[in-house]
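Engineer: Build me a structure from this.
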Amino acid sequence: MKRLISLFFMLTLLLAVQACADLGDEEVDASEVATEEFVTDVAAEEAATEEAVSTEAPVEVIEGAVCIDVTGPIIESVNAVSESDGGSETVLEETPLVTYVVSGDEISDPALETVPSELEDQQLDEATQQQVWEYYAALIPAENRDTIVEYSVFTDGVDNTLAMVTQTKTDPAAWSLQVDIADTANYYSLTYTLVHEYGHLLTLGPDQVTPSEAVFNDPENVDVLNEEVAACPDYFPGEGCSNPDSYINAFYNQFWTEIYEENQEISYEQDPDLNQQMLTEFYDKYQDQFVTEYAATNPEEDITESWAFFVLGDKPTGDSIADQKVLFFYNYPELVELRSAILGNLCTAFPQ
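Structural biologist: Okay, here's the model as predicted:
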């Protein structure tokens, strides 16, 4: 079942003037931090960075974001676009271009689709396709993305869907990463989206949600879906029944039980304009519960948006429900450790 995030932001960010402090051999373009609270002395930043990437460091080593010159503008841009209508006014039909086989860090065996002539340049742009994959592989540790077996490149034009993850067509336990090549030039938005999409793998993968063969084999059959939902004693996100101790089940039980039925009414609305209006009204009603408007879509998008803020933002100090959703991940030492790894990777991999 498709999990996607619409590209809500392609905007001019702060001028890049600094690099991550001594995290690797590559220099990293960064945006000037405008407020004094983000400024640390070099020695303290280096110490925090070394702690973040050390395999022997305790899991609570980072409470704020390292490499703030990169992560700060990412979060600022998300917050800015959440207050606007974002996105392109022209949405083109989604066109698959090429699909690669994934094996560890490597992609191979590109399978080209039949495409209109005006898309052939994008289809044959192997350099960009490889660059985006290498960046994703550099961000997410290999052991945390072993369910990704395909990497697909598509386009629906500029400023629409940037990336998504889906179950493959042949195996409900295997997943495909899909990226719109037309939207990959802005590495701030690309980074946020890749971290968000990894959140779906983290929370919906087969170790967290037992895939439903019945739904996978007949995804359009509402009766089959309802039967599977009724048979599930825990939260059912669509791919299958979540495990009792899964992240998504705990997140749902803590934050969604009182508003889920109201949210479900939105999903039943087939008219896209009315659906969006209802979603906006739902978000406005419960605004203090969500880190972005997109998070109000459903529990699956809510947990992944909150995950992205957990990885890329500072540890919240407030007490809103939105803050609590970000703090939710700090209850899991393995996720705090993974956050540190991703941030350390980001600071060395973010391109100039």
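Engineer: need the strands for the stretch 201-350 of the chain, in chain order.
Structural biologist: Counting by DSSP state E, counting those that start in this stretch, the segments of the stretch 201-350 of the chain that form strands are 209-211, 240-242.
Engineer: for the first one, packing partners?
Structural biologist: Same thing as strand 209-211. Under the contact criterion of 3 or more Cβ pairs under 8 Å, 6 or more residues apart in numbering; DSSP states H and E, strand 209-211 touches strand 240-242. For every residue, glycine as well, the C-beta is placed using N, CA and C.
Engineer: Let's see that with 10 Å instead.
Structural biologist: Packing contacts for strand 209-211, counted by 3 or more Cβ pairs under 10 Å, 6 or more residues apart in numbering; DSSP states H and E, involve strand 240-242, helix 247-255.
Engineer: Pull the contacting residues for Glu220.
Structural biologist: The contact partners of Glu220, by Cβ atoms under 10 Å, 6 or more residues apart in numbering, come to none.
Engineer: go on, Asp302?
Structural biologist: Here Asp302 is in contact with 248, 251-252, 255-256, 263, 289-292, 294-296, 322, 325 (Cβ under 10 Å, 6+ apart).
Engineer: on that earlier part again, could the strands of the stretch 201-350 of the chain be laid out in TSV, adding mean neighbour count, distance to Asp218 and mean pLDDT?
Structural biologist: As requested, these are exported to TSV (neighbours: other Cβ atoms under 10 Å; distance: least, Cβ to Cβ, whole Å; pLDDT from 0 to 100):
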stretch	mean neighbour count	distance to Asp218	mean pLDDT
strand 209-211	21	13	98
strand 240-242	23	14	98
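Engineer: right, and the ones you listed - which one's nearest Asp183?
Structural biologist: Nearest to Asp183, of all these, is strand 209-211, at 28.0 Å by Cβ to Cβ.
Engineer: chain center to that closest one: distance?
Structural biologist: What separates the centre of strand 209-211 from the centre of its chain is 20 Å, taken as Cα atoms, centre = their mean, to the nearest Å.
Engineer: got it, and stretch 281-297?
Structural biologist: Taking Cα atoms, centre = their mean, one finds stretch 281-297 lying 17 Å from the centre of the chain it belongs to.
Engineer: start the count at 204, not 1, going forward
Structural biologist: Right, with 204 as the first residue, what we last looked at is stretch 484-500.
Engineer: That stretch: end-to-end distance?
Structural biologist: 11 Å (Cα to Cα, to the nearest Å).
Engineer: Next secondary structure element downstream of the worst-scoring helix or strand of the chain on mean pLDDT?
Structural biologist: Least confident helix or strand of the chain, by mean pLDDT, DSSP states H and E, is helix 245-256 with a mean of 40. Where DSSP states H and E defines the elements, the next helix or strand beyond helix 245-256 is helix 271-285.
Engineer: number of nearby residues for the residue lying closest to Cys270 once chain neighbours are set aside?
Structural biologist: Distance criterion Cβ to Cβ, 6 or more residues apart in numbering; nearest residue to Cys270, sequence neighbours excluded, is Cys550 at 3.7 Å. Counted by other Cβ atoms under 10 Å, the residues lying close to Cys550 total 27.
Engineer: wait, doesn't Cys550 sit right on Ala544?
Structural biologist: No: judged on Cβ atoms under 10 Å, Cys550 makes no contact with Ala544 at a distance of 11.2 Å.
Engineer: tell me the angle the helix or strand hosting Ser392 makes with helix 271-285.
Structural biologist: Element membership for Ser392 (DSSP H and E) is helix 390-407. With axes from the mean of the first three to the mean of the last three Cα atoms, to 10 degrees defining the directions, helix 390-407 sits at 80 degrees from helix 271-285.
Engineer: how about helix 390-407: buried residues?
Structural biologist: 390-407 (16 or more other Cβ atoms under 10 Å).
Engineer: Which single one of the contacts of Asp505 is nearest to Val425?
Structural biologist: Asn466 (17.9 Å).
Engineer: Can you tell me how far the closest residue to Tyr438 other than its chain neighbours is from Phe439?
Structural biologist: Take Tyr438 and drop its neighbours on the chain: the residue closest to it by Cβ to Cβ, 6+ apart is Tyr455, 4.1 Å away. Distance from Tyr455 to Phe439, counting by Cβ to Cβ, to the nearest Å: 10 Å.
Engineer: hey, what's in contact with both of those two?
Structural biologist: By Cβ under 10 Å, 6+ apart, Tyr455 and Phe439 have these common neighbours: Ser445.
Engineer: quick one on the thing from earlier: buried subset of the contacts of Asp505 as a ChimeraX selection?
Structural biologist: Applying 16+ other Cβ under 10 Å to the contacts of Asp505 leaves a buried subset, and the ChimeraX line that selects it is:
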select :451,454,455,458,459,466,492,493,494,495,497,498,499,525,528
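Engineer: for the contacts of Asp505, which one is nearest Leu482?
Structural biologist: Leu482 has its nearest neighbour among the contacts of Asp505 in Ala499, at 6.2 Å by Cβ to Cβ.
Engineer: check contacts around the closest one.
Structural biologist: If you count contacts by Cβ under 10 Å, 6+ apart, then Ala499 has 462, 466, 469, 482-490, 492-493, 505, 508 around it.
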